[in-house]
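Chemist: Turn this into a model:
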Amino acid sequence: MTFRAPHLAAALLVLAGCATVRDVLAPAPVGKPSGRDGWLVYQVASLRFEAPATWHASGGERRIALESPDGRARLEVSYPETPFPDERTCLAAADEKLREQAAQLERARRHATRFGGVAAQTLEADERGWHVWAYAACDGGVQYRVFFTAATPAAADPLEAQRTLVATARIGGES
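Modeler: Numbering: from 1, shown residues only. Now for the predicted structure:
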């Protein structure tokens, strides 16, 4: 991992969950052509999103990590093995976890939002030369954890990747 900030690394682990042995041993996730040159569609359970084709993919069934070729941007998408009892509990847990993380980061902002077409909580913050966008989206009791970070000042490519992630993320529906 190219990140050096301890709080950023801790936030990444908390929000994305720890990689399982199965993830480490699994073949790298393979994206499908999105229909746009240079972009692939990845899927984690029922969450689909686009990411740059040049980014290195790793992970497994419950977690996908994508890293830019220069190591200055990273995206992690995961969901926990045990779902929450319902959406309300899921969103409350998301809010609490992001509140804890916000206390450790600089210039943190949190709020309720929608991500992938479902209710979510979001956190945007800075940490020692990195900008963080975190989302916890709840599809019923299933919580999707999305963590995107880019070195600051962020170049155009990572910003486009972050905007594309938010614009293309969809939970449920057709694969």
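
Chemist: now this protein, which segments are flagged as low pLDDT?
Modeler: For the chain, the stretches with pLDDT under 70 are 1-26, 173-175.

Chemist: which stretches of it form helices?
Modeler: Listed from the start of the chain, the chain has helices (DSSP state H) covering 6-16, 21-25, 87-102, 156-168.

Chemist: Could you tell me the end-to-end distance of stretch 29-41?
Modeler: Separation of the first and last residues of stretch 29-41 by CA to CA, to the nearest Å is 11 Å.

Chemist: residues of it that come out buried?
Modeler: When burial is assessed from 16 or more other CB atoms under 10 Å, stretch 29-41 yields the following buried residues: P29, G31, S34, W39, L40, V41. All C-beta atoms are positioned from the backbone trio N, CA, C, and that covers glycine.

Chemist: And the fourth one, how far from W55?
Modeler: Spelled out, that is W39. According to CB to CB, to the nearest Å, W39 stands 10 Å off from W55.

Chemist: now the strands for the protein?
Modeler: Counting by DSSP state E, the chain has strands at residues 32-33, 39-44, 47-52, 56-59, 63-67, 73-78, 106-115, 118-127, 130-139, 142-151, 170-171.
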